[in-house]
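In: Return a 3D structure for these sequence lines:
(chains A and B)
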There are 2 protein chains.
Amino acid sequence: MALVLLTNDDGIFAPGINALRARMEKIPGLQVWAVAPDRERSASGHAITMYRPLFPVRVDIPGAVAPCISVTGTPADSAKLAIEAILPRRPDLVISGINRGANLGTDIFYSGTVAAALEGPILGVPAIAVSLDSLTSQDYSVAADFTAELALKVLQEGLPEGTLLNVNVPALPRSEIKGVRVTKVGRRVYRDQWVRRVHPRGQEYYWLAGELAEITNDRQSDVAAVEEGYISVTPVHLDLTRYDQIERLRGWELSL
Amino acid sequence: MALVLLTNDDGIFAPGINALRARMEKIPGLQVWAVAPDRERSASGHAITMYRPLFPVRVDIPGAVAPCISVTGTPADSAKLAIEAILPRRPDLVISGINRGANLGTDIFYSGTVAAALEGPILGVPAIAVSLDSLTSQDYSVAADFTAELALKVLQEGLPEGTLLNVNVPALPRSEIKGVRVTKVGRRVYRDQWVRRVHPRGQEYYWLAGELAEITNDRQSDVAAVEEGYISVTPVHLDLTRYDQIERLRGWELSL
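Out: Coordinates of the predicted model:
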């Protein structure tokens, strides 16, 4: 029986992970566990906790069949601990999400959702990260159905070592979704990112704010796909090497 | 006059950033600023702070010519805020380090040092991340000298958009360093990662522990270069797309 770990960065009680859990529990022959942070931990990036203890606690989610466990740490902590210490064995698939809000372009570096999923390939397990492109929608049904289908495909076909699929779903009614597009990572640029204020005692401080700048993205990018109403599926890997620069740098003849 | 931002994840008072600052201040025609977290923030990954204010505070570092500023946030916060709001203009180069401890292989996903450097290319500025392969050495002079040379080369030659150089320096006397090798990102695997304990009140908890497993790494990898006594320089980029899987995934004919 295939074993699937669900995790996220919005916390174990978030509607996204619970919609996905309920959908995955309906698939015959799947054993599902949910292990996630005890509270919202968005924009955690790939932070891990070394000098505070991680307490896993069984939590009661109404209607849940799967064991549901909260962890006092980051998304990456939760996934790593689940894979290596909590689950009865190494899972066959890790799914992180369904995140409240898209994870597109270079924003995936900041994403706790993607970081938790990356613990899959880091530890040799295929993974899917899935996000809904809305901060307000409570309807995760389209994203859950598509993820269930994709999960079965990944369990059947496998993914190459060191790879995950980053999925973003437009917040549209099912009938308005135009289809599925396999994409590359696009670009997101923000403008006016910092708001400066002054504390009542005189010190200046800053809030990270800003809004998306309108830039043209390649039609084959994740950003463009979601804008155009397609579900975006991007293969992402662990190898950050920029191979095309190795020869050029060797030409610099660096020495001490 | 070229403007260079120094940042790190060990905090503004760490010896590594101050050795680098002192070395960079000696280069004629460079204007240097140091902006870094107010305390150690290792293993922060690319976390950013959205719902706590960031206070930048001018700090007094004995002997420093460069303005030195602490920030109440993560390494990525510090670099992003410095580039966009604190420095007199967008810098020409970001250097993150010198980190206490190597940042090699897939560990770079967890690295606050590399995350801070990545804010450079995310915001259109070339960057260098530099780490010394020792948790105890206080001698940052070899790493500082090499970084100064590399910085001048990058300022002169440029880097392609979206690229940084990840540098790791063996903790060896200068005469024992074998040279410089341009490398790819290697693999690091840990074993026995989790230590389970029981709290006096009965709850179980875990510490992230573990040690490096001995695995064979490609001779062209960053891991092998440092092991063999070479300074490793790895070109790293922002594009996480696994291009060779796009056609295969299109063959899955995914639909909703």
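In: alpha carbons only for contacts and neighbour counts from here, please
Out: Noted.
In: And the strands in the stretch 151-256 of chain A?
Out: For the stretch 151-256 of chain A, the strands defined by DSSP state E, counting those that start in this stretch cover A:163-170, A:179-182, A:190-191, A:194-198, A:204-208, A:211-212, A:230-237.
In: want to throw those strands into JSON lines with mean neighbour count?
Out: Formatted as JSON lines, the strands of the stretch 151-256 of chain A follow (neighbours: other C-alpha atoms under 10 Å in any protein chain shown):
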{"stretch": "strand A:163-170", "mean neighbour count": "28"}
{"stretch": "strand A:179-182", "mean neighbour count": "22"}
{"stretch": "strand A:190-191", "mean neighbour count": "12"}
{"stretch": "strand A:194-198", "mean neighbour count": "13"}
{"stretch": "strand A:204-208", "mean neighbour count": "18"}
{"stretch": "strand A:211-212", "mean neighbour count": "10"}
{"stretch": "strand A:230-237", "mean neighbour count": "26"}
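In: Output the ones you listed in CSV; the columns should cover mean pLDDT and distance to residue A:112.
Out: Formatted as CSV, the strands of the stretch 151-256 of chain A follow (pLDDT from 0 to 100; distance: least, C-alpha to C-alpha, whole Å):
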stretch, mean pLDDT, distance to residue A:112
strand A:163-170, 98, 12
strand A:179-182, 98, 22
strand A:190-191, 88, 19
strand A:194-198, 96, 22
strand A:204-208, 96, 17
strand A:211-212, 89, 20
strand A:230-237, 97, 15
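In: how about the ones you listed in CSV, adding distance to residue B:107?
Out: Listed next are the strands of the stretch 151-256 of chain A as CSV, based on distance: least, C-alpha to C-alpha, whole Å:
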stretch, distance to residue B:107
strand A:163-170, 16
strand A:179-182, 28
strand A:190-191, 28
strand A:194-198, 30
strand A:204-208, 27
strand A:211-212, 30
strand A:230-237, 14
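In: Which one of these lies nearest to residue B:51?
Out: When the strands of the stretch 151-256 of chain A are compared by C-alpha to C-alpha, strand A:204-208 sits nearest residue B:51, at 7.8 Å.
In: Is chain B within reach of the closest one?
Out: Yes: using C-alpha under 8 Å from any C-alpha of the partner chain, strand A:204-208 reaches chain B at A:204, A:205, A:206, A:207, A:208.
In: Please verify my assumption that the first one contacts residue A:196.
Out: If I follow you right, that is residue A:204. Yes: using C-alpha atoms under 8 Å, residue A:204 makes contact with residue A:196 at a distance of 6.9 Å.
In: near chain B, which residues of the stretch 151-256 of chain A?
Out: Near chain B, when you scan the stretch 151-256 of chain A using C-alpha under 8 Å from any C-alpha, you find A:163, A:179-185, A:193-194, A:203-209, A:234-243, A:245-246, A:249-250, A:254-256.
In: Quick one: residues in contact with stretch A:188-200.
Out: With C-alpha atoms under 8 Å, 6 or more residues apart in numbering or on different chains as the test, stretch A:188-200 has contacts from A:104-107, A:204-215, A:223, B:81, B:84-85.
In: just stretch A:114-125 next, same as before
Out: A:7-9, A:45-46, A:75-80, A:83, A:90-96, A:103, A:108-109, A:126-129, A:161-164, A:166, A:238, B:106.
In: With stretch A:152-161 instead?
Out: By C-alpha under 8 Å, 6+ apart, stretch A:152-161 touches A:2, A:92, A:93, A:121, A:124, A:126.
In: same thing with stretch A:244-252?
Out: Identification of contacts with stretch A:244-252 by C-alpha under 8 Å, 6+ apart yields B:181, B:182, B:183, B:234, B:235.
In: With stretch A:17-30 instead?
Out: With contact meaning C-alpha under 8 Å, 6+ apart, stretch A:17-30 is reached by A:1-4, A:6-8, A:12, A:31-32, A:34, A:64-66, A:96-99, A:140-141, A:144-145, A:147-148.
In: What about those, which are in helices?
Out: Here DSSP state H is the test, and the contacts of stretch A:17-30 give A:141, A:144, A:145, A:147, A:148 as lying in helices.
In: Distance-wise, check the closest residue to the second one other than its chain neighbours relative to residue A:6.
Out: It stands for residue A:144. Excluding the flanking residues, the one nearest residue A:144 by C-alpha to C-alpha, 6 or more residues apart in numbering or on different chains is residue A:20, at 5.0 Å. Residue A:20 is 8 Å from residue A:6, where distance means C-alpha to C-alpha, to the nearest Å.
In: Please say which of those two ends up with more neighbours.
Out: Using other C-alpha atoms under 10 Å in any protein chain shown as the criterion, residue A:20 and residue A:6 rank with residue A:6 on top: 30 against 24.
In: which residues pair with the more buried one across the strands?
Out: With DSSP bridges as the criterion, residue A:6 is bridged to residue A:34, residue A:95.
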